[in-house]
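In: model the following, please.
(one chain, ligands or ions: 2)
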Amino acid sequence: MKAVHFGAGNIGRGFVGLLLHEAGYEVVFADVADALISQLASASSYEVHEVGENAAVKTVSGFRALNSGTEEVAVVAEIATADLVTTAVGPHILKFVAPVIARGIAGRSPSLAPLQVMACENAINATDLLHSEVEAAWDGAAGDLSSAAVFANTAVDRIVPNQAPGQGLDVTVETFYEWVIDRTPFAGAAPVIPGATFVDELGPYIERKLFTVNTGHASAAYFGYGAGLEKISDAMADASVAARVRAVLEETKQLLVAKHGFVEAEQEAYVQKILSRFTNPYLPDTVNRVGRAPLRKLGRHERFIGPAAELAERGITPVALLDAMSAALRFDDGADDEAVELARMLSEMDAAEAVERITELPPSHPLFPQVQKLIEDRKAEA
Ligand SMILES: NC(=O)c1ccc[n+]([C@@H]2O[C@H](COP(=O)([O-])OP(=O)(O)OC[C@H]3O[C@@H](n4cnc5c(N)ncnc54)[C@H](O)[C@@H]3O)[C@@H](O)[C@H]2O)c1
Ligand SMILES: O=P(O)(O)OC[C@@H](O)[C@@H](O)[C@H](O)[C@H](O)CO
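Out: Ligands and ions are numbered 1, 2, ... in the order given. Okay, the predicted model is just below:
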């Protein structure tokens, strides 16, 4: 069995690549980072260091690596004979890898089973986004895309920090992981990945993951950044930050229980587990990594506006989520392109225009005035 995996970064090597290797796939990593690909291409193995409770070291071997920028023809040929394609490149990058995937699918022999495609990104239904980009790039002369490939949404969860320089290909990760995959598109022929969980209804799981793990994580990052702290575990050790993160997760819990019917006690246990993951002192994770790309994180269907808008639509005005968004507006990491762009938008636009451009909320939305007020307050400080 062969899998082509786009994005040999933190989660690519530390999670998806590891689980596919353990499932018996030969993994072909495809990435545009030349030094990384050269290192992978010349290595026979790398180690995944799982830190925290029940620490362990796992070895990944039997992989190959290609530069999908300079060796695109070779990547297309690999996809043409692969069983599975996965991505972990970031939701905004999917449109760049989609044409390569489309060409690979077009080159497949009709005698092969459909290619199984899964985007492992932090976004609601990222595979649907990838699917629409592949459709947009599809050469109609190549036949029917739907008979050559099957696309399944997934939710991936494992905290993988940026790796220390000099660590080579080895990756430090937390021990916890969860990979939930929508079983329904596979029509009874789902891939066999022992570390993954297949479900018939993925929607509640994706929202639960994004609006608990990622909402809480980003809140810890922005509150921690505001408090001048560098590591997520240090932010969570600050009583005030921890209380504000907890308050945010109380609000998303309220939504998730009401919307998806999760049992409150089970959701509370899920929240507690996640808070304990954030405090893992062995994980060198930073507020800058977790807070990265604040414009994406303040998007309409993302971890803050997504749940806050739904609460507002249900007649509940969120307080803690707005507190976290307020902190996000103050994330001014000069090394982060989106933080720089956010600062530009806040300084050049009036508050109402900034709300529409950043969050895509229409002025008629019940959350709009609250977010506008946050932006007015932020602008008044500058
Ligand atoms: N790190 C985590 O804890 C974690 C956990 C779950 C999900 N995710 C999600 O996984 C995705 C990747 O996150 P990450 O933390 O691994 O980031 P990362 O920056 O470590 O890895 C991304 C990789 O994608 C590569 N890339 C960029 N453009 C590309 C292109 N056009 N073609 C091929 N490769 C390209 C980069 O060179 C990089 O190696 C994101 O969507 C993230 O939200 C991350
Ligand atoms: O990857 P992002 O930028 O969407 O979010 C940053 C972190 O919250 C994220 O990478 C988590 O570590 C991960 O989602 C845990 O499963």
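
In: only C-alpha atoms for contact and neighbour calcs from this point on.
Out: Noted.

In: do you know how far Leu40 is from Glu338?
Out: Here the criterion is CA to CA, to the nearest Å. By it, Leu40 lies 29 Å from Glu338.

In: over to Glu251?
Out: 26 Å.

In: swap in Val180?
Out: 29 Å.

In: what do you get for Ala148?
Out: Where Glu338 is concerned, Ala148 sits at a distance of 37 Å (CA to CA).

In: do the lengthiest helix in the chain and ligand 2 meet?
Out: Scanning the chain for the helix with the most residues, using DSSP state H, yields helix 239-260. No: applying CA under 6 Å from any ligand atom, one finds helix 239-260 out of contact with ligand 2, separated by at least 13.2 Å.

In: tell me how far that helix lies from the chain's centre.
Out: Mean-position distance between helix 239-260 and its chain equals 20 Å (CA atoms, centre = their mean, to the nearest Å).

In: return the backbone torsion pair for whichever residue of the stretch 151-300 of the chain sits closest to ligand 2.
Out: Across the stretch 151-300 of the chain, no residue is closer to ligand 2 than Asp157, which sits at 3.3 Å (CA to the nearest ligand atom). Backbone torsions for Asp157, taken as degrees, to the nearest 10, come to phi -140, psi 110.

In: same check on Gly69?
Out: The phi/psi pair for Gly69 (degrees, to the nearest 10) is phi -90, psi -50.

In: ok, it - contacts?
Out: 31-32 (CA atoms under 8 Å, 6 or more residues apart in numbering).

In: for it, give its distance to Ala41.
Out: Distance from Gly69 to Ala41, by CA to CA: 15 Å.

In: if I've got this straight, Leu66 is in a helix?
Out: No: applying DSSP: H, G, I helix; E, B strand; the rest coil, one finds Leu66 to be strand, outside a helix.

In: ok, now which ones touch it?
Out: 28-31, 37, 41, 74-75.

In: what pairs with it across the strands?
Out: Ala30 (DSSP bridges).

In: still on that earlier bit, ok, the contacts of Leu66 vs ligand 2, which is closest?
Out: Using CA to the nearest ligand atom, the contacts of Leu66 come closest to ligand 2 at Asp31, 17.1 Å.

In: is stretch 15-29 positioned near ligand 2?
Out: No: with CA under 6 Å from any ligand atom as the threshold, stretch 15-29 lies outside contact range of ligand 2, at a closest distance of 9.9 Å.

In: show the buried residues in the contacts of Leu66.
Out: Buried members of the contacts of Leu66, scored by 16 or more other CA atoms under 10 Å, are 28-31, 37, 41, 75.

In: show me which pair in these is furthest apart.
Out: Ala41 and Val75 (13.6 Å; CA to CA).

In: surely Val371 is in contact with Val355?
Out: Yes: at 6.7 Å, Val371 counts as touching Val355 under the criterion of CA atoms under 8 Å.

In: who has more neighbours, the two?
Out: Shown here are Val371 and Val355; by other CA atoms under 10 Å, Val355 has more neighbours (25 against 22).

In: I'd say the more buried one and Gln370 touch.
Out: No: look at Val355 against Gln370 with CA under 8 Å: they stay out of range, at 9.9 Å.

In: name the helix or strand for Val156, please.
Out: In this assignment (DSSP states H and E), Val156 forms part of strand 154-157.

In: and the helix or strand hosting Leu346, what other elements does it pack with?
Out: Leu346 belongs to helix 337-348 when assigned by DSSP H and E. Where contact means 3 or more CA pairs under 8 Å, 6 or more residues apart in numbering; DSSP states H and E, helix 337-348 is packed against helix 294-297, helix 368-381.

In: strands of the stretch 101-250 of the chain, start to end?
Out: 115-119, 149-151, 154-157, 171-174, 178-182, 196-199 (DSSP state E, counting those that start in this stretch).
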